[in-house]
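Peer 1: Just a sequence and a predicted model for now, questions to come.
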Amino acid sequence: MGTIGQITTKVTAAVCAGAVLLTLGLAHAAGKTYTVATDATWPPMEMVNANKQIVGLDIDYLTAVAKEAGFAVTFKNTAWDGIFAGLEAGQYDIIASSVTITEERRKKYDFSAPYIDIGQILVVPKAETAATLAAMKGKKVGAQIGTTGAFEIKKVEGVEPKSYDEIGLAFEDMAAGRIAGVVCDEPVAVQFALQKAEYKEKFKIVGSPFTTEAYGFVVRKGDAALLDLLNKGIAAVKAKRLDEQLRATWLR
Amino acid sequence: MSEPRPAALVEVGDGAAIPVRSDRGLFTAWRIAFFGAFAALAGLALLKPDPYRAILKFVPDGIVVTFEVTLGAIALALLIGLVAGLGRIAENRLVSGAAALYVEVIRGIPLLVQIFYIYYALGRFVKVPPLASAIIAMAVCYGAYIGEVVRAGIQSIPKGQTEAALALGMSRAQAMRHVILPPIGNEFIALLKDSSLVSIIAVADLLRRGREFASESFAYFETYTVIALVYLVITLFFSKLIGLLEERLHAGR
């Protein structure tokens, strides 16, 4: 929007340009199609199905939000490691990828109102006796790089953290016996440990979630118009109890 | 350089160019790049301690792992390469066929895929620790390329030249050294750089440490600037070292 500065010869010209920008701004706010980044390796929140479509609870949720608020979305599968950098670089406008709202992330990006509550949980091989993450001292515990699960592991002294590009690679490494545990969001843990045929004989979930976290949709710092749209949409989805339907569809 | 050279040099294009004193342009560029990168790292740490000092504190164990992977892999790759190279020119057709097959197959598969394959695909059957997997994957891949360097080196010395070298009092092995060593040096530098690919199998090398730092701090620009500069310093240091080694070898004649 640097063009305004160049129109300095006539006040009228500036007013005209202002009017055009205002119109563009309004067009920006409603009816527009926004590109959304999601790391579709996080079932059942976001994943690629057999038809190569991006599906999941997050996908359905944001689509419902967009419908309520009157805008459109297209999803773009993006690696988690670097998903925030891409938002900053303007490659997309929204991240809908099970992003926990944290203080550190809030400093750099703007979050929508929380749209779902979730917690971190530990998955281990069936033979493991540890009842908490703290009891895993001296062992290797894996998580996806840059996730709250990875941060939780680092908080526990004596546990050796291992970071993976995708959570599926962490589970596969545990199946191969190279690591002793995996920490991730509860719905993802349920998907891998209880529903995948090749894993459900091998893994178990330890206790209940040990953190309380809220997911939010992420936009660039200061993108107030889009944030407003998202929040309106989330409020409408919650008011219509569409979120409960989505939970019933995608979560156990 | 007026003394007769044992043979035509084997030209290899990948890897960092190794600075030779006779090539003024490259030599100056090396100095500017090496000391420039060093100065940039020091300057950033001093002038903008947040976050540069934190990054520099976070990555050193990653540098150690990068060295472990590189040195382990090059040692193993030289061994594999020597066997493959000699195998390629062996009289026995079974041996030469097997060596050729190995070279063709490995050179036809991207290194990234090979690393995934050894760690995750073969991981279903054999449990190899991450660091060992990384070293094996890199060595198996580079062994094929080094094998070709060895073969080309041996074949590039015509019989007459070998006789000439021998007449000059040079052993066949000595003659070979002059031919093979420069491309091997290039392979080493290329391997060092490619070792960054092992960060995909949860080996905490230099790049992975950088990615971990960036993913937590969101300081993408700062982190990857440091990572790039550190790699640059390391590769330039080694290319210089290899250059000096070659010079000593030539001076020894």
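Peer 2: That came through fine.

Peer 1: Do me a favour and get the end-to-end distance for stretch A:133-143?
Peer 2: For stretch A:133-143, the first-to-last residue distance is 13 Å (C-alpha to C-alpha, to the nearest Å).

Peer 1: looking only at pLDDT, what's the mean for it?
Peer 2: In this model, stretch A:133-143 has an average pLDDT of 96.

Peer 1: likewise stretch A:152-160?
Peer 2: Rounded mean pLDDT across stretch A:152-160 is 96.

Peer 1: got the end-to-end distance for it?
Peer 2: Start-to-end, stretch A:152-160 (C-alpha to C-alpha) is 12 Å.

Peer 1: and that stretch, anywhere near chain B?
Peer 2: No: shown here: stretch A:152-160 not in contact with chain B (C-beta under 8 Å from any C-beta of the partner chain), separated by at least 8.6 Å. The C-beta positions use only the backbone N, C-alpha and C, and glycine is treated the same way.

Peer 1: Can you list the buried residues in that stretch?
Peer 2: For stretch A:152-160, a neighbour-count test (16 or more other C-beta atoms under 10 Å in any protein chain shown) marks A:Glu152, A:Ile153, A:Val156, A:Val159 as buried.

Peer 1: Below-threshold pLDDT in the stretch 1-150 of chain A: ranges please.
Peer 2: For the stretch 1-150 of chain A, the stretches with pLDDT under 70 are A:1-30.

Peer 1: residues in it within reach of chain B, list them.
Peer 2: A:Asp81, A:Gly82, A:Phe84, A:Ala85, A:Glu88, A:Glu104, A:Arg105, A:Lys108, A:Gly142, A:Ile145, A:Gly146.

Peer 1: Now for these, which sits with the most neighbours around it?
Peer 2: A:Gly142 (29 neighbours; other C-beta atoms under 10 Å in any protein chain shown).

Peer 1: What's opposite that one in the beta bridge?
Peer 2: A:Lys162, A:Val182 (DSSP bridges).

Peer 1: Looks like it contacts A:Asp173 (just checking).
Peer 2: Yes: look at A:Gly142 against A:Asp173 with C-beta atoms under 8 Å: they come within range, at 6.2 Å.

Peer 1: Now the residue in the stretch 101-250 of chain A that chain B sits nearest to: closest residue in space that isn't a chain neighbour?
Peer 2: Relative to chain B, the nearest point of the stretch 101-250 of chain A is A:Gly146 (2.8 Å; C-beta to the nearest C-beta). Nearest non-adjacent residue to A:Gly146, counting by C-beta to C-beta, 6 or more residues apart in numbering or on different chains: B:Ser215, 2.8 Å away.

Peer 1: count of residues packed around the one you found?
Peer 2: 23.

Peer 1: circling back: who touches the residue of the stretch 101-250 of chain A closest to chain B in this structure?
Peer 2: By C-beta atoms under 8 Å, 6 or more residues apart in numbering or on different chains, the residues touching A:Gly146 are A:Trp80, A:Asp81, A:Ser163, B:Arg211, B:Glu212, B:Ser215, B:Glu216.

Peer 1: Is it in a helix, a strand, or coil?
Peer 2: coil (DSSP: H, G, I helix; E, B strand; the rest coil).

Peer 1: what about it, distance to B:Leu112?
Peer 2: To B:Leu112, A:Gly146 is 21 Å away according to C-beta to C-beta, to the nearest Å.

Peer 1: Same check on A:Gly149?
Peer 2: Where B:Leu112 is concerned, A:Gly149 sits at a distance of 25 Å (C-beta to C-beta).

Peer 1: So which of these two has more stuff around it?
Peer 2: Using other C-beta under 10 Å, the more surrounded residue of A:Gly149 and B:Leu112 is A:Gly149, with 28 against 14.

Peer 1: tell me which element the more buried one is part of?
Peer 2: helix A:148-155 (DSSP states H and E).

Peer 1: Would you indicate which residues of stretch A:40-52 are buried?
Peer 2: A:Ala40, A:Thr41, A:Trp42, A:Pro43, A:Pro44, A:Met45, A:Glu46, A:Met47.

Peer 1: of all those, which comes closest to chain B?
Peer 2: A:Thr41 (13.4 Å).

Peer 1: With that, I have no additional questions.
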